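# Got a predicted model here, sequence first, then my questions.
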Amino acid sequence: MSTIAASARIHAMAVVEDGAVIGEGVTVGPFCHVGQKVVLHDNVELLAHAVVTGRTEIGKGSRIFPMAVIGGDPQSVHHGGEETTLTVGENCIIREGVTMNTGTADAGGKTIVGDNNLFLANSHVAHDCRVGNHVIMSNNVMLAGHVTIEDRVILGGGSAVHQFTRVGRQAFVGGLSAVSYDVIPYGMLNGNPGLLGGLNVVGMTRAGIDRAVIHKVRRAYKAIFEGSGSIRDNAAAIRDEYADCEPVMQILDFIAAESDRALSSPTRGQKG
């Protein structure tokens, strides 16, 4: 039996399967389908024709637009029908045609999306992804499986992110870019293949980062990517010098972390 709060509004033409949990103030529009293992927290709104299925939890205040399918099975040949999950945080806007899949058992079984994110039309979050908070995915952005998107990243329309790739906090990826390698925090990447073209200074300024700090980050960026050693060696060499600069330390920690993918740079993957 479903648990439906008294203040929830379910359209007569919607289907809510037995077992679903519907919170206070939830609205389910006409022709929506809510699966039996779905939890819709308070004030979630499903517009007409939205589908939420699988073992999926939608956080408070999120809105899901027509033709979105949230919580479908992972698109992975390794998926054997195990029961895996998708968790979407609070106050997310999920526009028309967006798809998000549950995780795969081999990778822990969880796809996790944070709070206050904006997913524009037809964008896709694949199995086992980790999406942070305040992320913007423009129209037709595609995340392959196991991708990590940190807080406040902006992904331009039509960009695609290779499986297992990490995109660091507040990075900016230009429209139609192919992201094959990890992108450092505050980095700016464009093109196919995607090349690191510098720092997302506009984003840093809008975030209120002090100009003197931005200059420090610029100097660190130059030392890392224009130094005589490897990227990782250059990054390790400046750690003590920038110990009091949080954005630089975030970049250095990101570079030092283990990853399945190499790091994007101004030259890696360049054609010709």
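Great, that's in hand. Residues are numbered from 1 along each chain as shown.

# Next, the contact list for the residue positioned nearest the centre of the chain, please.
In the chain, the centroid-proximal residue (C-alpha atoms, centre = their mean) is Val131; its distance is 3.1 Å. Taking C-beta atoms under 8 Å, 6 or more residues apart in numbering, we find Val131 in contact with 112-114, 117, 125, 143, 149. To be clear about C-beta, it is placed using only N, CA and C from the backbone, and glycine gets the same treatment.

# separation between it and Leu252?
For Val131, the distance to Leu252 equals 23 Å [C-beta to C-beta, to the nearest Å].

# what do you get for Val21?
Distance of Val21 to Leu252, given as C-beta to C-beta: 43 Å.

# Between these two, which has more neighbouring residues?
Relative neighbour count places Leu252 above the other of Val21 and Leu252, with 23 against 17, counting by other C-beta atoms under 10 Å.

# Against Val173, how distant is that one?
For Leu252 relative to Val173 (C-beta to C-beta), the value is 21 Å.

# Check this structure for its longest helix and report it.
Determined from DSSP state H, the single longest helix within the chain is helix 211-226.

# what comes up buried for that helix?
Buried residues in helix 211-226, counting neighbours by 16 or more other C-beta atoms under 10 Å, are found at 214, 216-218, 220-221, 223-225.

# returning to that earlier point: right, and the pair among the contacts of Val131 with maximum separation?
Farthest-apart pair in these is Gly114 and Leu143; separation 13.5 Å (C-beta to C-beta).

# neighbour count winner among these two?
Higher neighbour count among Gly114 and Leu143: Leu143, with 29 against 20, using other C-beta under 10 Å.

# show me the contacts for Arg218.
199, 201.

# what about it, distance to Ile4?
Relative to Ile4, Arg218 is positioned 54 Å away (criterion: C-beta to C-beta).

# What strand or helix carries the nearest residue in space to Pro66 that is not next to it in sequence?
Closest residue in space to Pro66, ignoring its immediate chain neighbours: His49 at 4.3 Å, by C-beta to C-beta, 6 or more residues apart in numbering. Using DSSP states H and E, His49 sits in no helix or strand.

# hang on, the earlier thing: from the chain's centroid, how far away is the longest helix of the chain?
How far helix 211-226 lies from its chain's middle: 26 Å, per C-alpha atoms, centre = their mean, to the nearest Å.

# Good, we can wrap up now.
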